[in-house]
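coordinates only, no sequence provided:
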């Protein structure tokens, strides 16, 4: 806890994203919750800063950035569908979500 407090006092974050690795590998898809923030107002995203440093945010970038922010079970299930679509696995993702919804209905019926 002290180490985290010290980082915050110096305006640093406990989260670290390797911009050099992103620049070298140029991934086709980056999935983030984008909750890792730093700075005085807590608004500067560590993830977005690293993506920018790696030159992956421009129109010519080969990288798709998917930001998911689920807060409810329904949003989690929808996020699975979004991730599946972004990863060219839409059908398996939808099948998983359908299966989860069926199980939830079964539990609710008990």
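Everything's here; your move. Everything numeric here is computed off the predicted structure, so don't read it as measured data.

could I get the buried residue list for the longest helix anywhere in the chain?
The longest helix of the chain (DSSP state H) is helix 90-109. Neighbour counts over helix 90-109 (16 or more other CB atoms under 10 Å) mark 93, 97 as buried. In short, each C-beta sits where N, CA and C put it, glycine included.

that one - what's its average pLDDT?
On average, the pLDDT along helix 90-109 is 97.

over to residue 15. Which of the three states is it?
Taken by DSSP: H, G, I helix; E, B strand; the rest coil, the conformation at residue 15 corresponds to coil.

tell me how many other residues crowd residue 64.
13 (other CB atoms under 10 Å).

and it, bridged to which residues?
residue 29 (DSSP bridges).

ok, now which ones touch it?
28, 29, 30, 86 (CB atoms under 8 Å, 6 or more residues apart in numbering).

what's the distance between the residue nearest to residue 86 when sequence neighbours are not counted and residue 78?
Leaving aside its sequence neighbours, residue 86 sits nearest to residue 66 (CB to CB, 6 or more residues apart in numbering; 4.8 Å). Using CB to CB, to the nearest Å, one obtains 12 Å as the distance from residue 66 to residue 78.
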